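Peer 1: here's a sequence, model it:
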Amino acid sequence: MQLDAFIPTPPAWRLDWDGLDEAFDWVRDLRDCPQSPVWHAEGNVWIHTRMVLEALIEMPAWRALPERERAIVFLAALLHDVSKPATTRTEPDGHISARGHSTQGSVRAREILWRLEVPFADREHVCHLIGYHQVPFFLVDKPDAEHRLVSMSQVVRCDLLALVTEADARGRICADQGRLLDQIELFGELCRDSGCWQTPWPFASDHARFQYFRSAGQGGGRSLHAPAHDDTRLEVTVMSGLPGAGKDHWIATHGGDLPVVSLDAIRDEQDVDPGDDQGGVIREAYERARQHLRSATPFIWNATNVSRVLRQRIVDFVADYRARVRIVYVEAPAALLLDQNRQRAQPVPARVLDKLIRRWTVPTVREAHTLVLAVAEADPPAP
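Peer 2: Below you'll find the predicted structure:
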């Protein structure tokens, strides 16, 4: 069942909630997930999500959007709490919490939408909207509001984010709903004043953007307006993508004569299974990379790198040698990827692949000087 069949359209703007509930187990899973009565007196997450969608489709600002943007906002609202069943806990004092549900929800939604063959750009926008959907509730009160806003604006339309969050506020019963709506309005004013309402913050150069986000990740406070002298000596290409996505094919086609530091190749040399301890493989890869960095020789680092943490380690490592960073992200539709993995000389075990998918984040422009997206979309269904 395709999700676009459930997106309300004019003139009726009808929400088929029963159809969604019947079609998708991740909707049904919301039934048994409780919420704090302080914030959600309406009841469980299933009830809340239905109310959020009902509120959204009544909002004139949502109805006025172009069709594609309406779909993106609708899917973000539908999936905004998809990870609450996995994150909800009863605290020692009896309070019900769901810490981390926005971040984990972004990752969970990625897998769901990937398997449902939602187009890449729309899917990623949905995932980032989910990851940030609580931010407009509190951003204006944060001392680092400017940095958070600049960061978000690189990956989401803040006007669309405000719609998702407004629907989240309206689709609940709580004592301070008015305050939440006021906070969202203040968020909009901050975005418009900063020039980030519908467009990303404009950095002076890719190096300025890279240095700004790298310093923030290292706990620094680099100014948005600080000059960024580009003293890079070489370019390093960092591959990213699930096993079987086609990274080796991309390198063979586009890598030219660049040397490749390949974790798979080192595993073969050391006879290490992908599911075993990777310490020796990683140490050897870093040593080979150092040799290229010391001689200022451009090279390709070939590994899955599907989590931001893993990518950041190699990015920081090569940047310390004054390298420009190009991330090449490779993706294939789910059915093709699974087939290509099975055809590998050493297929990645299903348990390992599932673990990678559960922490799968797609690189963004905040992580590199250049981001190359090599994404193969699924064929559209036959008419």
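Peer 1: any idea how far stretch 76-87 is from the middle of the chain?
Peer 2: Counting by C-alpha atoms, centre = their mean, to the nearest Å, stretch 76-87 is centred 14 Å from the centre of its parent chain.
Peer 1: and it, which residues are buried?
Peer 2: Within stretch 76-87, the residues scored as buried using 16 or more other C-beta atoms under 10 Å are Ala76, Ala77, Leu78, Leu79, His80, Asp81, Val82, Ser83, Lys84, Pro85, Thr87. Quick note: C-beta positions are derived from backbone N, CA and C, even for glycine.
Peer 1: from the residues you listed, which is closest to Arg50?
Peer 2: Nearest to Arg50 among those is Leu78, at 9.7 Å by C-beta to C-beta.
Peer 1: give me the contacts around the helix or strand hosting the closest one.
Peer 2: Using DSSP states H and E, the element containing Leu78 is helix 67-79. Applying C-beta atoms under 8 Å, 6 or more residues apart in numbering, the contact partners of helix 67-79 are 3-4, 7-8, 20, 26-27, 49, 52-53, 56-57, 62-63, 65, 105, 108-109, 112-113, 118, 122, 125-126, 129-130, 133, 157, 160, 163-164, 167-168.
Peer 1: quick one, helices of the stretch 101-250 of the chain?
Peer 2: For the stretch 101-250 of the chain, the helices defined by DSSP state H, counting those that start in this stretch occupy 101-115, 120-131, 145-153, 158-170, 177-194, 206-217, 247-254.
Peer 1: tell me the buried residues in the first one?
Peer 2: For helix 101-115, the neighbour count (16+ other C-beta under 10 Å) marks 101-102, 104-114 as buried.
Peer 1: ok and the helix holding Leu78 relative to helix 101-115, angle-wise?
Peer 2: 120 degrees (axes from the mean of the first three to the mean of the last three C-alpha atoms, to 10 degrees).
Peer 1: which other helices and strands does the following helix or strand past helix 67-79 contact?
Peer 2: Heading C-terminal from helix 67-79, the first helix or strand you meet, by DSSP H and E, is helix 84-87. Where contact means 3 or more C-beta pairs under 8 Å, 6 or more residues apart in numbering; DSSP states H and E, helix 84-87 is packed against helix 101-115.
Peer 1: show me the shaky parts of the stretch 251-383 of the chain.
Peer 2: The stretch 251-383 of the chain contains residues with pLDDT under 70 at 380-383.
Peer 1: can you show me the helices along it?
Peer 2: Under DSSP H, counting those that start in this stretch, the stretch 251-383 of the chain gives helices at 263-270, 279-294, 308-319, 334-342, 350-358.
Peer 1: CA-only coordinates of the fourth one in PDB, if you can.
Peer 2: When you say that, I think you mean helix 334-342. As requested, the backbone C-alpha atoms of helix 334-342 are provided in PDB (Å, rounded to 0.1, in the frame of the first residue of the first chain):
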ATOM      1  CA  ALA A 334      15.300  -1.600  -0.600                       C
ATOM      2  CA  ALA A 335      14.600  -4.600  -2.900                       C
ATOM      3  CA  LEU A 336      17.700  -3.900  -5.100                       C
ATOM      4  CA  LEU A 337      20.000  -3.300  -2.100                       C
ATOM      5  CA  LEU A 338      19.000  -6.600  -0.500                       C
ATOM      6  CA  ASP A 339      19.500  -8.400  -3.800                       C
ATOM      7  CA  GLN A 340      22.900  -6.800  -4.400                       C
ATOM      8  CA  ASN A 341      24.000  -7.700  -0.900                       C
ATOM      9  CA  ARG A 342      23.100 -11.400  -1.500                       C
END
